[in-house]
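Chemist: based on what follows, work out the 3D shape:
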Amino acid sequence: MVVGTIFTTLLLATTAQASTFLGAHPHVEMQSMPTQEVDQILYSELSLLSGDLQLSAMREELRPLFAALPKNADGKLDPVVVRYALHRYFAGKYGWHLRGLEPQGGAWNASSSATIMKDRVPVYIQGIFEQRHGQGLGLEELAVFAITLADLVRQEAVTDLEEVYAALGVSKAARLTEGAAGSILKTYLMMYTTGAHAQENRSHDFEQMEAALVEDLIVWFDAKSWIQDLRYSTDYLQRARRNPFTHEYGFDHVADVAQDMGHRFGAFQNLECQSLKQKLVEMEHEGSGRVTLSAFYGGIEDRDWPFIESVDYLRNLGALDESNAAWPAVIIPNFLSSPSNCVAPSSFYSVCCIDECEGLLAQVELKVAGPAATAARLAEVISRLQSDTVEAPRNLSLVELARLDEIAEHHGGLVPLHGRLFAQWMHHAYPRECRFPQLNTQPLTQKDFKTQYGVEAEVSDHEVERYTWKASDTTEPLVVTLPWHKVEDLVAPHSSTLQLVESRISLRGPALLVLLTSAIWPLLRTSKQLAPLVDKQDRYLV
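Modeler: Alright, predicted model coming up:
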């Protein structure tokens, strides 16, 4: 069997198989960037602390999450919680999974005194903050941190667009017609979705690339329409600043559309995620949030069938439930949120399916306004919380209520919201939206899986035959019982998670000046002096 995945074979166009944005696994080579560039952006953001509208908006956006997270003795977020908070924010808002913020991160080692790998930028910035403020960040610093990361992503988008201009031989100073601007944005979209670099291509390469997209990517025409609509929306929003008597476009306008594309691409891609979810739910076994392998591979002869992952790869993704050895099954939310359904358009982030459970958890956090709550309070909140497939209000089962009590008893009377046991409980309450928190998993992309294990991530004919034949050969009824493992793993095991005292630190007047002074001084040092800070923080971000 040969089943193509578009972005790993796009430029070569070696297969006529159709594919989608999902299931694409471009390999973005990790790049380094000067520490001076990071310093400059962070310095710029810190200098705007007094009354900046962007900072004020970000602070208010993060306030509910900050209030709900576990704090240390100083009322601040410890390093691992900072990473968790920023991961939650960017994944929930844009579908971005920023490198260096992933739940299972790698080693944190400094790269050099003058440059830093892009996946280590977060710990570098954290080191700058904590040199002066001790361990932990407050709401103000967390907001600056988030804005700095967003600005780094924005600068990368501008740089990528400059490369597209250069590859097409167009001057940045040129005034473009509507058609020319649309052509450049189409090329930028090709670069973005494939993870390619424009500086390595020329006009004839782009023509070949689009021909391959037309052949292999079934949503390419939808994507082109989407970017055109996005450009029209930007035109409308900027109508007050544009000359009504001309329809020419400058670089800044095109850059605005490119940046907005990065912000909105996750929502566009998530339409396909929802389509996949619907297909899986239609095949699931009795509302369990699980699809047997016989059903998962049931339509594999269809050239557009999207489910092609091998059993070993599903196991690596943490998407395989083998609690019933006779009937292994795919866990719907684990599969949807896995790297198998991400694209990597940036050196800074991948775009993945938007996690619906994060939205549910955010609503719980808003109601609870703290890192933990009683079992009774959580039962009250969640019984009224509706999801895409679970209606509310509803009565929780006796088993669900008993397990909430069990978690509370384990923690001395309160249920921590940011731990494995509550995540497991949420999976039982919302089996199609919330992932089952597997133990000891390290999900890989298809490319990395093949590199590490020397086997393809796609299912073989033999595997398909094995599991589809097994289903037709037995009349034994399938009974699915969702697994429950009494293993806890808190986001902040060393923090006082069970203290429901809200720590609200307001930085005003003289205190704000102290923050400005102490935060900016480290940035005035040379990169060589700042680089060791990365080593200092290594032990915290695990």
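Chemist: all strands of the chain, in order?
Modeler: Secondary structure of the chain (DSSP state E): strands located at 32-34, 96-98, 115-117, 290-292, 320-321, 329-331, 349-351, 372-373, 415-416.
Chemist: pipe the ones you listed into a markdown table and attach mean neighbour count per row.
Modeler: Bear in mind the C-beta positions are built from the backbone N, C-alpha and C, glycine included. Written out in a markdown table, the entries for the strands of the chain read as follows (neighbours: other CB atoms under 10 Å):
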| stretch | mean neighbour count |
| --- | --- |
| strand 32-34 | 15 |
| strand 96-98 | 24 |
| strand 115-117 | 20 |
| strand 290-292 | 26 |
| strand 320-321 | 22 |
| strand 329-331 | 26 |
| strand 349-351 | 25 |
| strand 372-373 | 26 |
| strand 415-416 | 26 |
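Chemist: of the ones you listed, which approaches residue 434 most closely?
Modeler: When the strands of the chain are ranked by distance to residue 434, counting by CB to CB, first place goes to strand 329-331 at 10.2 Å.
Chemist: closest to residue 267 out of the strands of the chain?
Modeler: Nearest of the strands of the chain (CB to CB): strand 349-351, 10.0 Å.
Chemist: confidence score at residue 300?
Modeler: Predicted confidence (pLDDT) for residue 300: 91.
Chemist: for residue 446, see how far away the residue lying closest to it once chain neighbours are set aside is.
Modeler: Closest residue to residue 300 in three dimensions, ignoring its sequence neighbours and counting by CB to CB, 6 or more residues apart in numbering: residue 464, at 5.3 Å. Computed as CB to CB, to the nearest Å, the residue 464 to residue 446 distance reads 17 Å.
Chemist: out of those two, which sits in the more crowded spot?
Modeler: Neighbour tally, residue 464 and residue 446, criterion other CB atoms under 10 Å: the higher count belongs to residue 446, 24 against 20.
Chemist: so what does the closest residue to that one other than its chain neighbours look like in phi/psi?
Modeler: The shortest distance from residue 446 to any non-neighbouring residue, by CB to CB, 6+ apart, is to residue 457 (3.9 Å). The phi and psi torsions at residue 457 (degrees, to the nearest 10) take the values phi -90, psi -10.
Chemist: is residue 457 in contact with residue 311, as I believe?
Modeler: No - taking contact to mean CB atoms under 8 Å, the distance of 10.6 Å between residue 457 and residue 311 leaves them out of contact.
Chemist: which of the two has more neighbours?
Modeler: Counted by other CB under 10 Å, residue 457 and residue 311 do not tie: residue 457 has more neighbours, with 25 against 19.
Chemist: quick one, grab the pLDDT at the more buried one.
Modeler: Turning to residue 457, the model gives it a pLDDT of 95.
Chemist: tell me how far it lies from residue 308.
Modeler: 9 Å.
Chemist: identify the contacts common to those two.
Modeler: Counting by CB atoms under 8 Å, 6 or more residues apart in numbering, residue 457 and residue 308 have no common neighbour.
Chemist: and residue 343, how far is that from residue 196?
Modeler: Using CB to CB, which is the criterion applied here, residue 343 is 12 Å from residue 196.
Chemist: ok, residue 482 - contacts?
Modeler: The contact partners of residue 482, taken as CB under 8 Å, 6+ apart, are 288-289, 427-428, 431, 436.
Chemist: re earlier: any chance of the strands of the chain in TSV with mean pLDDT as columns?
Modeler: Converted to TSV, the strands of the chain look like this (pLDDT from 0 to 100):
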stretch	mean pLDDT
strand 32-34	59
strand 96-98	92
strand 115-117	42
strand 290-292	95
strand 320-321	96
strand 329-331	97
strand 349-351	92
strand 372-373	96
strand 415-416	97
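Chemist: to residue 284, which of those strands lies closest?
Modeler: strand 290-292 (5.3 Å).
Chemist: what strands flank that closest one, and is each parallel or antiparallel?
Modeler: Strand pairing for strand 290-292, using DSSP bridges, gives strand 329-331 (antiparallel).
Chemist: so which bits of stretch 429-439 are buried?
Modeler: 429-438 (16 or more other CB atoms under 10 Å).
Chemist: the residue nearest to residue 300 and residue 299 touch, don't they?
Modeler: No - using CB under 8 Å, residue 464 is not in contact with residue 299; the gap is 10.4 Å.
Chemist: okay, and the common contacts of the two?
Modeler: When CB under 8 Å, 6+ apart defines a contact, no residue borders residue 464 and residue 299 alike.
Chemist: most centrally placed residue in the chain?
Modeler: Central residue of the chain (CA atoms, centre = their mean): residue 97, 2.8 Å from the mean position.
Chemist: wait, residue 67 sits on residue 368?
Modeler: No - counting by CB under 8 Å, residue 67 does not reach residue 368; the two are 9.2 Å apart.
Chemist: quick one on the thing from earlier: for the contacts of residue 482, give me TSV that also has distance to residue 229 and pLDDT.
Modeler: Supplementary listing: these in TSV, determined by distance: CB to CB, whole Å; pLDDT from 0 to 100:
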residue	distance to residue 229	pLDDT
288	38	93
289	34	96
427	36	98
428	40	97
431	35	97
436	37	97
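Chemist: can you tell me how far residue 388 is from residue 424?
Modeler: Using CB to CB, one gets 20 Å for the distance from residue 388 to residue 424.
Chemist: higher neighbour count, those two?
Modeler: A count of neighbours by other CB under 10 Å puts residue 424 above the other of residue 388 and residue 424, at 24 against 14.
Chemist: which residues touch that one?
Modeler: Contacts for residue 424 (CB under 8 Å, 6+ apart) come out as 436-437, 484-485.
Chemist: okay, those residues in a markdown table with distance to residue 144 next?
Modeler: Formatted as a markdown table, the entries for those read as follows, by distance: CB to CB, whole Å:
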| residue | distance to residue 144 |
| --- | --- |
| 436 | 35 |
| 437 | 31 |
| 484 | 41 |
| 485 | 39 |
